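[1] Sequence and predicted structure below; questions after.
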Number of protein chains: 2
Amino acid sequence: MKISKLVGKRVKETPAGATLNSHILLLRAGYIKQVGAGIFSLLPPAQKVSLKIQNIIRDEMNKLGGQEVLFPVVMPRELWDMSGRYSSIKNEMVRFKDRTGHDMLLGMTHEEASVHMMMNTATSPEDLPCMIYQIQTKFRDEARPRGGLIRVREFTMKDAYSFHTSQEDLDSFYKKVYDAYIRIYKRIGFKNFVVVEGDNGIMGGKISHEYMAVTDVGEDSLVICPHCGYSSNMEVAVSVKDENDHNCLGEMEEVFTGNAHTIEEVCAFLETDAKHTAKAVCYKTTDGKLVVAFLRGDYEINENKLSKLVKSELEYVDVEEFGLFAGNIGLVNLNLPEGSYVFFDQTLKGLENFVTGANKKDFHFKNVSMSRDFKDAEFVDISLVKQGEKCVHCGEELKLTRGIEIGNIFQLGTKYTETMGMKINMPDGTAKAPIMGCYGIGVGRALASIIEEKADDKGLVWPMTIAPWQVYFCPIRIDDENVSAVSDELYKKMLDSGIDVLYDDRNVSAGVKLTDSELMGVPIRVVISPKTMANSQAEVTIRATGEKLFISISELIPEIKALIQDEIDEIEKDLK
Amino acid sequence: MKISKLVGKRVKETPAGATLNSHILLLRAGYIKQVGAGIFSLLPPAQKVSLKIQNIIRDEMNKLGGQEVLFPVVMPRELWDMSGRYSSIKNEMVRFKDRTGHDMLLGMTHEEASVHMMMNTATSPEDLPCMIYQIQTKFRDEARPRGGLIRVREFTMKDAYSFHTSQEDLDSFYKKVYDAYIRIYKRIGFKNFVVVEGDNGIMGGKISHEYMAVTDVGEDSLVICPHCGYSSNMEVAVSVKDENDHNCLGEMEEVFTGNAHTIEEVCAFLETDAKHTAKAVCYKTTDGKLVVAFLRGDYEINENKLSKLVKSELEYVDVEEFGLFAGNIGLVNLNLPEGSYVFFDQTLKGLENFVTGANKKDFHFKNVSMSRDFKDAEFVDISLVKQGEKCVHCGEELKLTRGIEIGNIFQLGTKYTETMGMKINMPDGTAKAPIMGCYGIGVGRALASIIEEKADDKGLVWPMTIAPWQVYFCPIRIDDENVSAVSDELYKKMLDSGIDVLYDDRNVSAGVKLTDSELMGVPIRVVISPKTMANSQAEVTIRATGEKLFISISELIPEIKALIQDEIDEIEKDLK
């Protein structure tokens, strides 16, 4: 490819509104163009990277015996009524009426379509296990698209669905996919990613794992044990909670706290520590019931866990509607309307001499003690893991970090096969709904996340396995006849020997060319100029390390091929 | 691939509602499954064929210097307001509101998105010409989806867009794409296709060509000159019209014709021939104006040409609302409301002594003559080409046939670049809207059309270049230990030597296996059985011809590879 003909312009300026490195660099290097909120066109270099990532994924899916299929983007409502998700999924799903007035939707995932394909297709136990997968466009009407390709509304996704007649069979297959995913991310070039226990969200089912690119700009909080390898999404993470101090029990006492409403204000006012307070966090369920969650003042609520306890999304609540005083809600003298939920987090277990709201305007109680005043309280786990807590598995200190979810795998159980009526005729004469797994990877998200991991202050840095080109061939002073002739010849030789090369054939300054080569992130840059040619050499620079080599022009082609292979070998060296 | 694990069941019965051969066979062979009206899932074999077709297309696009990109399926209304198509395209286009109430649409084509990508990207003449293309899912809300993959609502399409600074440049590039398309269809395996002059429909622009798979089940009528190669879609076809006989002019006379209204009835009543009548065909424009078209009674109206003349779609009209008598409309005494259109087709030129309606209930005129009674009439071409007419280019007899449109190419002009404001800064200081071409291929339509061309009464017949597998390996009596051992070994050898093989590892009767192999259309079938093994042979059958060979098992792998190569060479032999 000659850069003079490449569609896409490189720009110096940081584009307005872009804050993430991957977003900025993809725009600046001419890889993407925004069409709408969370909607992008991919220019040729981005599409090249995307196709390479897709081929790595395809290869690993095929190795697992996966069979590539294609499900429709647009589906009729009936299919999703069978699973109940036409109603249960809210406005993340696009719905429209077709010309005949029929209710249609855009598939944000394809469990229903996969069961539809397998129904009456797999009917006997010998037909299973099997996995079908597709690589296709999905549209999810995200509330907050952000960060370029990190959180979009339209994206290319690989989604796979497996079917099994027993949990053991799913377990064993799930483990294989788990490992294949690790290979996929390694082959894409990720060095810094973890697998965490995940939350199943709208998918149903129990066991799931999320593959997380570890980065400060990630929107997911992760809990990792560097000692034993335990790792989890914060949403479902567990920990050994901070133990509470034991004290001589003081007498419970109502105290005026006036305008002190937040934990910080109350602690300052009463000269105590958040560790010695119990705070309330309140919500409303979708059917209007009050939810009051108490936890130790220095902890934060885990809304995901709380939401699961009440089996409802959590909505904002104006507590005064329920007769409560915001900032003065506490365990003592609590009067809640019938049907309200109240929960005590495990961080309150054994808490003594603590401060809590008096359920009376401007007052708190102090010296409240769980063991004495709330003997019968039952505790649940609804607090977020905190820095410094210990691992429940090995007792070592946990580490909190952030990540971008670049893939996920789920054990779905029989939710879809049962609701849709898919049956396998078992040898014992019974009919069994197969157990499913599903496995997703967002291609664009992976593409952007690897940038977050690799890019430097000069621009993109692509791993060799997914780079849009392997070599950026960059003759300086191409107006010089000698340079021009040798360049054209070398370019032809590179192409003939199968090197995927971007030829900077522009007659522009060395500065422009070298800056562009760095911005675009091509792994190997080959420069020739009157100066290098005087020594019959080319200057070769490795983008990732900055390492420079001078290679004899006569040896250039085989040497470059060796360098390319070295980079691939380095990426693929520790694949199982 | 082992057939025991292949997703998809083969069935004997013709599926209800399927009439086209391709539809029936794709369902029966387990290639597709219907999800909704005009919406299908592709099972693994169909997806394999689809990907192979896509790769042929991709290869030819890349050879033209095409750069692969990806446009969004979902686009905001604003982009399509720029070209005016948000309003001008009717309910073929899916529109919906996103969660914020914003008007969105599903892209049925991507001219707007391509200009959006190129705007401010290509700005100087050196940036052009260029062609970008994508392979992606499109949804068009067709009124009448039919025939399995022939006319669907959702489909995978390759769409390409080229940009030029001069008409000459577009002409020369257009010719290259024209030729590349011929190579594509040849490589897919089409033998019987033609390129016809097309109609530009909703795309705008002037020159266009359609690639038509010639088949009786096609929904397009084609006009072909076997002598000089002229070929055209009936919608825009031209011909040398039948000459009118010259007669001694009779005296015009009003005659009672009673209930004789159709041309057949009037001719029978007056004992004349349709060639000696002038009939009226009436429509209404979308803004309610009457359109009356006169043509010789033995010709049919070309609605497409008429529609272009009045620059409106043609709607059904109740002529009595305009004071006319259905069945008695004619040239004589015609009184039309102001603003009505009246046209005379060229088939009326020189017509003498003809019958036409008297514009009076139950009456016609006879012995009307154009030269005498309508001296000033101007003639237009609004009649369909008729069997037996002559080619305007060479004078030889034209042939009428039918076809399925498997691709189209358009010269778009500057419609999109001008309305969207894309400019190239020319050396003379002016800013110029680039001239565009666009080029589409529906992948699924091509897949189904090649079936219409090749399939026989036993099932599918895939050309080697796009076959889901090259070889169907079919051991008979696999319960025999000897057969089983040799089969497993041969299967492994085939895989190792890169043969794409479907292994029929089922322990079922020879009849089932052989029938399935024929139904599925794999180009080469290899049978081993205790009988062939007694002679150390395998029986090899070529699906397309039925030719049988007996090949020594020791020579099998190289012989099969040679047969595969022969079939590919045969397909690719006459590529330019």
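    Perfect, thanks for sending it. What you see is a predicted model, and the numbers here were worked out from it, not measured in a lab.
[2] For the residue most central in space within chain A, which non-adjacent residue is closest in space?
    Centroid-nearest residue in chain A, with Cα atoms, centre = their mean: A:E405, separated by 1.1 Å. Leaving aside its sequence neighbours, A:E405 sits nearest to A:E210 (Cβ to Cβ, 6 or more residues apart in numbering or on different chains; 5.1 Å). In this view, the C-beta of every residue, glycine as well, is placed from N, C-alpha and C.
[3] what does the average pLDDT come to for the helix or strand encompassing the one you found?
    Using DSSP states H and E, A:E210 sits within strand A:208-214. Across strand A:208-214, the average pLDDT comes to 95.
[4] Check the offset of it from the chain's centre.
    6 Å (Cα atoms, centre = their mean, to the nearest Å).
[5] Just to be sure, A:M157 is in a strand?
    Yes. Assigned with DSSP: H, G, I helix; E, B strand; the rest coil, A:M157 falls within a strand.
[6] That one: neighbour count?
    Neighbours of A:M157 under the rule other Cβ atoms under 10 Å in any protein chain shown: 21.
[7] Show me where the stretch 101-250 of chain A has its strands.
    A:103-106, A:130-139, A:154-164, A:193-197, A:208-214, A:220-224, A:231-233 (DSSP state E, counting those that start in this stretch).
[8] between the longest one and strand A:130-139, how big is the angle?
    Taking axes from the mean of the first three to the mean of the last three Cα atoms, to 10 degrees, one finds strand A:154-164 and strand A:130-139 inclined to each other by 160 degrees.
[9] Pairing partners for the longest strand along chain A, with directions?
    Taking DSSP state E as the assignment, the strand of chain A that covers the most residues is strand A:399-413. Next to strand A:399-413 in the sheet, as set by DSSP bridges, lie strand A:208-214 (antiparallel), strand A:220-224 (antiparallel), strand A:435-442 (antiparallel).
[10] Dump that strand to PDB, keeping only the CA atoms.
    Extracted in PDB, the C-alpha atoms of strand A:399-413 (Å, rounded to 0.1, in the frame of the first residue of the first chain):
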ATOM      1  CA  LYS A 399      -5.100  -5.400  45.300                       C
ATOM      2  CA  LEU A 400      -7.700  -3.100  43.800                       C
ATOM      3  CA  THR A 401      -7.200  -2.100  40.200                       C
ATOM      4  CA  ARG A 402      -9.200  -1.100  37.100                       C
ATOM      5  CA  GLY A 403      -9.900  -2.800  33.800                       C
ATOM      6  CA  ILE A 404     -11.700  -2.800  30.500                       C
ATOM      7  CA  GLU A 405     -13.800  -5.900  29.900                       C
ATOM      8  CA  ILE A 406     -12.500  -7.400  26.600                       C
ATOM      9  CA  GLY A 407     -14.400 -10.600  26.700                       C
ATOM     10  CA  ASN A 408     -16.700 -12.700  28.800                       C
ATOM     11  CA  ILE A 409     -17.800 -16.300  29.100                       C
ATOM     12  CA  PHE A 410     -21.000 -17.500  30.800                       C
ATOM     13  CA  GLN A 411     -22.500 -20.700  31.900                       C
ATOM     14  CA  LEU A 412     -26.100 -20.100  31.000                       C
ATOM     15  CA  GLY A 413     -27.800 -23.200  32.300                       C
END
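[11] Check which residues of that strand are buried.
    Residues of strand A:399-413 classed as buried by neighbour count (16 or more other Cβ atoms under 10 Å in any protein chain shown): A:400-413.
[12] do the same with stretch A:90-101
    Buried residues in stretch A:90-101 (16+ other Cβ under 10 Å): A:M93, A:V94, A:R95, A:F96, A:D98.
[13] Quick check, A:R543 in contact with A:V522.
    Yes. Between A:R543 and A:V522 there is a contact under Cβ atoms under 8 Å: 6.4 Å.
[14] where do the contact lists of those two overlap?
    Listed as contacting both A:R543 and A:V522 by Cβ atoms under 8 Å, 6 or more residues apart in numbering or on different chains are A:W462.
[15] Tell me which of those two has more neighbours.
    Each of A:R543 and A:V522 has its neighbours counted (other Cβ under 10 Å); A:V522 has more, 29 against 25.
[16] For that one, which non-adjacent residue is spatially closest?
    Per Cβ to Cβ, 6+ apart, closest to A:V522 is A:Y472, 3.8 Å.
[17] for that neighbour, phi and psi?
    Main-chain dihedrals, A:Y472, degrees, to the nearest 10: phi -100, psi 110.
[18] okay, it: pLDDT?
    Per-residue pLDDT puts A:Y472 at 98.
[19] Tell me the spacing between it and chain B.
    17 Å (Cβ to the nearest Cβ, to the nearest Å).
[20] got the contact list for that residue?
    Taking Cβ under 8 Å, 6+ apart, we find A:Y472 in contact with A:V501, A:L502, A:D504, A:S517, A:M520, A:V522, A:I524, A:R525, A:V526.
[21] ok, and the most crowded of those?
    A:V526 (31 neighbours).
[22] quick one, what contacts it?
    A:V471, A:Y472, A:F473, A:C474, A:L490, A:A538, A:E539, A:V540, A:L556, A:I560 are the contacts of A:V526 under Cβ under 8 Å, 6+ apart.
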